[in-house]
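1. Here's a sequence, model it:
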Amino acid sequence: MRNLLPLISSHPGGRSALTCRYRCGDACFHETPNTSDNAYVGDAIAAAASRRSLLRAGAVMTVAAATGAVAVERAPQASAASGD
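-> Down below sits the predicted model:
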């Protein structure tokens, strides 16, 4: 069995292997350099908010928005009824 030329093979990300090699130096296959003592933003967000807490917050915001919309809709009706 013959080995295919690198021009013909595809890269796991869908790009050509040579495109990744010459444009970015295969950056996706190396560790990301973090020379500071700070955490990555993605790690900090993941530690602060789990998927379940984000879904819960979304549900609370939806209920609050719906309640506010109903209150705003009924407010002109109540002032018109009391003004008569």
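2. to the chain's geometric centre, what's the distance from the helix or strand containing residue 44?
-> According to DSSP states H and E, residue 44 maps onto helix 41-48. Put simply, helix 41-48 sits 12 Å off its chain's centre (CA atoms, centre = their mean, to the nearest Å).
3. Stretch 44-52 now?
-> Worked out by CA atoms, centre = their mean, stretch 44-52 lies 12 Å from the chain centre.
4. what's the straight distance from one end of it to the other?
-> For stretch 44-52, the first-to-last residue distance is 16 Å (CA to CA, to the nearest Å).
5. Let me see the residues that make contact with that stretch.
-> With contact meaning CB atoms under 8 Å, 6 or more residues apart in numbering, stretch 44-52 is reached by residue 39. (Each C-beta comes from the backbone N, C-alpha and C, glycine too.)
6. Lowest-scoring secondary structure element of this protein by mean pLDDT?
-> For the chain, using mean pLDDT, DSSP states H and E, the weakest element among its helices and strands is helix 17-24, scoring a mean of 75.
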